[in-house]
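A.B. asks: Okay, sequence plus prediction incoming.
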Amino acid sequence: MVTLAILMATAALPSDCSSKPNLAPVVHVAAAQRAGDIVDTAVAAGDFSTLVAAVKAAGLVETLKSEGPFTVFAPTDAAFAALPKGTLDGLLKPEAKGTLTSSLTYHVVAGRLDAAAVLGSRSLATVNGQRLDVSKRGDVARIDGAKIVKTDIVCSNGIIHVIDAVVMPSSDSIVATATAAGSFRTLLAAATAAGLAETLGKDGPFTVFAPTDAAFAALPKGTVEDLLKPENKDRLVAILKLHVVSGRVDAATAIGAGEAKTLQGSTLRITSKDGNVMVGGAKVSTADLDASNGIIHVIDQVLLPQA
């Protein structure tokens, strides 16, 4: 969960990140040329037998031996052993291949990011689509809570950073995530009435600018009740689709784009004002709530189509 104000401040950080402690030397091209690929390097290290077995079960060996480059946050055998009993066995079953693939690709970032580049980010977009949170306190750096115990293992097609725990992406859909939050009851009721809840619960990916219950309560008296009537379904659908964008658009990407084309057909302007980010006139209060089929940005107003 990242506020847009923090995200904007992060975007202004200097690119060399020289003010941040560097966990390891900068990667040199010559070293990469001498190294093996990510899979061969992990096999040779001897501490990643479970990770390698999982990569094979998911059918990702060829991908991680390809040109890349990739940055892999690699859990050790001990990290996999620390998972709840039965978790790993369940993930390695053929019928769980999709879940296993999602979990493994959550440990992979496109590009070659050394320690300094990792620490210079607040979050990292993974191949899975969801984002890893980066934090540092003292000499301890963490990825989604997992401690980075070794950095900058150079590979011909990327780089490996070793972590002491297996990190897991969100397995909850947009609907499940909104339900668990507890502050989107009106939005969920509206999505159900419009026949969109099932779509947002399994299809995607989608980006949802989600008005809170307080945002709906701020509408003129009787508006919500009127919209929920069966005869007003088309209008309700148009309003809800104005809050949904196709694809997974994180906050940083949205800010950079300056606009977003919605499923309703209109384009929302995305601007910054007084340290706040505005989407179609609504303020984004919380950004980047990851879901299995998309991402949620919380807004403080209900967006209405132009007449």
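C.D. replies: Here it is on my side, so go on.

A.B. asks: In its sheet, which strands sit next to the helix or strand containing residue 153, and in what direction?
C.D. replies: If you go by DSSP states H and E, residue 153 is part of strand 146-155. Here strand 146-155 has these sheet partners by DSSP bridges: strand 140-143 (antiparallel), strand 158-163 (antiparallel).

A.B. asks: Let me have these in CSV, adding mean pLDDT, distance to residue 224 and mean neighbour count as columns.
C.D. replies: The C-beta positions use only the backbone N, C-alpha and C, and glycine is treated the same way. CSV is the format used below for those (pLDDT from 0 to 100; distance: least, Cβ to Cβ, whole Å; neighbours: other Cβ atoms under 10 Å):
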stretch, mean pLDDT, distance to residue 224, mean neighbour count
strand 140-143, 94, 41, 18
strand 158-163, 96, 46, 24
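
A.B. asks: shouldn't residue 41 be in contact with residue 51?
C.D. replies: No: with contact defined as Cβ atoms under 8 Å, residue 41 does not reach residue 51; the gap is 11.5 Å.

A.B. asks: Output stretch 122-138 as CSV - backbone C-alpha positions only.
C.D. replies: The C-alpha atoms that make up stretch 122-138 are tabulated as CSV, following Å, rounded to 0.1, in the frame of the first residue of the first chain:
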residue,chain,number,x,y,z
ARG,A,122,10.0,2.0,-3.2
SER,A,123,8.5,-0.9,-5.1
LEU,A,124,9.3,-3.0,-8.1
ALA,A,125,6.9,-4.3,-10.8
THR,A,126,7.3,-8.1,-11.1
VAL,A,127,6.8,-10.4,-14.1
ASN,A,128,3.7,-11.6,-12.2
GLY,A,129,2.3,-8.1,-12.6
GLN,A,130,2.0,-7.3,-8.9
ARG,A,131,4.5,-5.2,-7.1
LEU,A,132,7.2,-6.0,-4.5
ASP,A,133,7.6,-3.4,-1.7
VAL,A,134,11.2,-2.4,-1.0
SER,A,135,12.3,-1.2,2.5
LYS,A,136,15.5,-0.6,4.4
ARG,A,137,16.1,-0.1,8.1
GLY,A,138,19.7,0.3,9.2
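
A.B. asks: What residues of that stretch count as buried?
C.D. replies: Within stretch 122-138, the residues that count as buried by 16 or more other Cβ atoms under 10 Å are 122-134.

A.B. asks: Could you do stretch 284-298 as well?
C.D. replies: Result for stretch 284-298 [16+ other Cβ under 10 Å]: buried residues 284, 286-298.

A.B. asks: Of these, which is the nearest to residue 93?
C.D. replies: Proximity of those to residue 93 (Cβ to Cβ) peaks at residue 292, which lies at 19.0 Å.

A.B. asks: quick one on the thing from earlier: of all pairs in the buried residues of stretch 122-138, which one is the farthest apart?
C.D. replies: 122 and 127 (18.7 Å).

A.B. asks: OK, contacts around the closest residue to residue 213 other than its chain neighbours?
C.D. replies: Nearest non-adjacent residue to residue 213, counting by Cβ to Cβ, 6 or more residues apart in numbering: residue 186, 5.0 Å away. With contacts defined as Cβ atoms under 8 Å, 6 or more residues apart in numbering, residue 186 is in contact with 211, 213, 216, 217, 224.

A.B. asks: residues touching the last one, list them.
C.D. replies: Remark: with contacts taken as Cβ under 8 Å, 6+ apart, residue 224 is in contact with 186, 190, 216.

A.B. asks: again, 6 Å this time
C.D. replies: residue 216 (Cβ atoms under 6 Å, 6 or more residues apart in numbering).

A.B. asks: After the helix or strand it falls within, which helix or strand is next?
C.D. replies: Using DSSP H and E, residue 224 sits in helix 223-227. Next helix or strand after helix 223-227 toward the C-terminus (DSSP H and E): helix 233-241.

A.B. asks: Point to the residue nearest the middle of the protein.
C.D. replies: residue 130 (2.3 Å; Cα atoms, centre = their mean).

A.B. asks: wait, doesn't that one sit right on residue 168?
C.D. replies: No: counting by Cβ atoms under 6 Å, residue 130 does not reach residue 168; the two are 9.9 Å apart.

A.B. asks: picking that back up, which one of the strands paired with strand 146-155 lies closest to residue 272?
C.D. replies: Short answer: strand 140-143, nearest of the strands paired with strand 146-155 by Cβ to Cβ, at 28.0 Å.

A.B. asks: what's next to that closest one, contact-wise?
C.D. replies: Contacts of strand 140-143 (Cβ under 6 Å, 6+ apart): 73, 132, 135, 148, 163.

A.B. asks: which among those residues gets closest to residue 203?
C.D. replies: For the contacts of strand 140-143, the residue nearest residue 203 by Cβ to Cβ is residue 132; the value is 24.4 Å.

A.B. asks: contacting residues around the closest one?
C.D. replies: 124, 126, 143, 144 are the contacts of residue 132 under Cβ under 6 Å, 6+ apart.
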